[in-house]
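1. all I have is the shape, not the residue letters:
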DNA sequence: ATTAAGGTTCAAGTTTTTTTGAACAACTTG
DNA sequence: CAAGTTGTTCAAAAAAACTTGAACCTTAAT
């Protein structure tokens, strides 16, 4: 809440406080992260950045959230990977600083790209493998049953593949209605 | 370890074998389960039932998958809850027997109902709580920033709420194209 | 070249989740 | 009602996931 700053624009040593509402939002994202299968610390970090107008350095994040260097580093990497944070470099400051991506469309499509698409890929490979096993199946009845199952799975795979673009599209809709400027 | 069976139609003692392709499908579902944040054993159990034409008893499942009674019991309960398995009772057999629900539409909507909707509910409560905290925030600037965030989150919440029905609808589409009879 | 700051890695420690199995409840049957 | 099934519960064990922090890069300033 207070911020005794010296030369650095970073929060330094003291000023390691979150307002109550910030803590609530961070906790909200912490839970959201868990519910979509991401580590808690990702949620916390994102939540913190989401709350702030100014960009924060990795150190700021460690101090405000009381997490270790390792968590902060790995968490930020994952968030970058997901497209959930962007880094900015202030001139003549060596530190990398971070801001949250707040366009839902971007968040969702980043998430789907990193978490959804790889699974669909892997699924395709598994289906191929399954077909091979079925070609080797000696028992005719069993092979027939297996092929029925293979067809079902292939159909599911196609449906899920079709779904993703729609999700991005639907979420993208009206994302911008709630924002003044954008992109 | 051996069980001298008798009248029961259940697989008994021997016949505790999966074909290679069945094992592959079970493993596929095991991974799929993990990737959507469900316990592995749920995936395995569902996968096994998915492979079989005949219904299986809890005992069959324990033996074929080598899992404990507890896992089987809890896993089946969760799958029923998700609408991913249905139980059938053979006449004059006391055992409950299970079959997999293979309509993707049902699977997806069950999953969303159990996993998605509760989170949206909780989110609503959290947003309420956030508003209360913001009303108590003393610092005017901070409160203003907080309200901007609250509006963003409220918008996201609305969008996600809108998304679910579409997902069910899109997945439901053409589900039946890949099946001879249905519902 | 040396020192220091900013960041990354990863083995080890911690926490959380999942699985197990023995005890127990509910029912049937002889 | 004693004995045998079937299935549930839950505390403890095992496994998986997450976090930590010290060692280690890399780059910048002296």
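-> Ah, there it is. Predicted model, so just to flag it, every value in this text is computed and none were measured. Numbering: from 1, shown residues only, chains lettered A, B, ... in the order given.

2. how many residues are close by the residue of chain A found nearest DNA strand C?
-> With Cβ to the nearest atom of the strand, the shortest gap between chain A and DNA strand C falls at residue A:96, namely 3.0 Å. Any C-beta I mention is one placed from the backbone N, CA and C, and that applies to glycine too. Applying other Cβ atoms under 10 Å in any protein chain shown, we find 14 residues neighbouring residue A:96.

3. partner residues bridging it?
-> Residue A:96 has these beta-bridge partners by DSSP bridges: residue A:89.

4. what about stretch A:52-66, near DNA strand D?
-> Yes: against DNA strand D, stretch A:52-66 shows contacts by Cβ under 7 Å from any atom of the strand at residue A:66.

5. quick check: buried residues in that stretch?
-> Within stretch A:52-66, the residues scored as buried using 16 or more other Cβ atoms under 10 Å in any protein chain shown are A:52, A:55-58, A:60-65.

6. longest helix of chain A?
-> Determined from DSSP state H, the single longest helix within chain A is helix A:140-172.

7. show me what that helix is packed against.
-> Under the contact definition 3 or more Cβ pairs under 8 Å, 6 or more residues apart in numbering or on different chains; DSSP states H and E, helix A:140-172 sits against helix A:104-111, helix A:117-136, helix B:20-35, helix B:40-51, helix B:104-111, helix B:140-172.

8. do that again at 7 Å, thanks
-> When contacts are defined as 3 or more Cβ pairs under 7 Å, 6 or more residues apart in numbering or on different chains; DSSP states H and E, helix A:140-172 sits against helix A:104-111, helix A:117-136, helix B:140-172.

9. and the contacts of the second one?
-> Residues external to helix A:117-136 that are found in contact with it (Cβ atoms under 7 Å, 6 or more residues apart in numbering or on different chains): A:143, A:146-147, A:150, A:153-154, A:157, A:160-161, B:20-21, B:24-25, B:28, B:35.

10. same question, stretch A:81-97
-> A:46, A:49, A:55-57, A:76, A:79-80, A:98-101, A:106-107, A:110-111, A:114.

11. sketch out the low-pLDDT regions of chain A for me.
-> A:1-16, A:174-183 (pLDDT under 70).

12. so which residues on it come close to DNA strand C?
-> Residues of chain A lying near DNA strand C by Cβ under 7 Å from any atom of the strand: A:34, A:57-59, A:69-70, A:73-74, A:76-77, A:94-96.

13. try it again with 6 Å
-> A:57-58, A:69-70, A:73-74, A:77, A:94-96 (Cβ under 6 Å from any atom of the strand).

14. and residue A:22, how far is that from chain B?
-> Using Cβ to the nearest Cβ, to the nearest Å, we find residue A:22 at a distance of 8 Å from chain B.

15. please apply the same query to residue A:108.
-> 9 Å.

16. give me every residue that touches that residue.
-> When contacts are counted by Cβ under 7 Å, 6+ apart, residue A:108 touches A:167-168, A:171.

17. from the residues you listed, list just the buried residues.
-> Neighbour-count burial (16+ other Cβ under 10 Å) applied to the contacts of residue A:108 gives A:167-168, A:171.

18. domain ranges for chain A, per the record?
-> Taking automatic domain parsing as the criterion, chain A consists of the domains A:20-100, A:104-175.

19. export those domains as CSV, with columns for distance to residue B:124.
-> Formatted as CSV, those follow (distance: least, Cβ to Cβ, whole Å):
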stretch, distance to residue B:124
domain A:20-100, 11
domain A:104-175, 17
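
20. would you mind finding the most buried of those?
-> Neighbour counts (mean count of other Cβ atoms under 10 Å in any protein chain shown) averaged over each of those peak at domain A:20-100, with a mean of 18.

21. closest to DNA strand D out of the contacts of residue A:108?
-> Among the contacts of residue A:108, residue A:167 lies closest to DNA strand D (Cβ to the nearest atom of the strand), at 22.7 Å.

22. quick one, what contacts the closest one?
-> The contact partners of residue A:167, by Cβ under 7 Å, 6+ apart, come to A:108, A:112, B:163, B:167.

23. just residue A:154 next, same as before
-> Going by Cβ under 7 Å, 6+ apart, residue A:154 touches residue A:127.

24. filter the buried residues of stretch A:52-66 down to the ones in strands?
-> Among the buried residues of stretch A:52-66, the members found in strands (DSSP state E) are A:56-57.

25. tell me which residue is most central in chain A.
-> Centroid-nearest residue in chain A: residue A:82, 4.3 Å away (criterion: Cα atoms, centre = their mean).

26. and it, how far is that from DNA strand D?
-> From residue A:82 across to DNA strand D, the span is 14 Å (Cβ to the nearest atom of the strand, to the nearest Å).

27. checking the residue of chain A found nearest DNA strand D next. Helix, strand or coil?
-> Closest approach of chain A to DNA strand D (Cβ to the nearest atom of the strand) occurs at residue A:70, with a separation of 2.1 Å. Classification of residue A:70 using DSSP: H, G, I helix; E, B strand; the rest coil returns helix.

28. contact residues of chain A facing DNA strand D?
-> Taking Cβ under 6 Å from any atom of the strand, the part of chain A that reaches DNA strand D is made up of A:39-41, A:67-71, A:94.
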